[in-house]
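Undergrad: sequence first, then the predicted structure:
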Amino acid sequence: MDNLDYYSDHKYCPTCDKYVSYLMSIEQSFCTQCGSEVRLFSKDDWQEFNESMAAKRPKGGRPRKSERDSA
């Protein structure tokens, strides 16, 4: 997501079912083609993004109390 140029940036419009140019307001962004609210990702892309992030997260966590006491 290294879009440094606003004019080439796109968000997903569920009404148009594609990534589109958008107008940004303080709280929401709107599709320039149909006027609907847009979001950053489509549902499929959001799911894929979350899965790729989950794969990068470290596994594990805090050791069990019995393992901490013996160390």
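TA: Sure thing, it's come through. Residues are numbered from 1 along each chain as shown.
Undergrad: grab the longest helix from the protein for me.
TA: Taking DSSP state H as the criterion, the chain has its longest helix at helix 43-56.
Undergrad: what is that one packed up against?
TA: Packed against helix 43-56 by the contact rule (3 or more CB pairs under 8 Å, 6 or more residues apart in numbering; DSSP states H and E) you find no helix or strand. C-betas here are computed from N, CA, C, even on glycine.
Undergrad: how about that helix: buried residues?
TA: Of all the residues in helix 43-56, not one is buried under the rule 16 or more other CB atoms under 10 Å.
Undergrad: ok, residues contacting that helix?
TA: Y12, L40, F41 (CB atoms under 8 Å, 6 or more residues apart in numbering).
Undergrad: what of stretch 29-42?
TA: With contact meaning CB under 8 Å, 6+ apart, stretch 29-42 is reached by 11-16, 19-23, 28, 46, 49.
Undergrad: of those, which is the nearest to P63?
TA: Nearest to P63 out of these is F49 (CB to CB; 30.3 Å).
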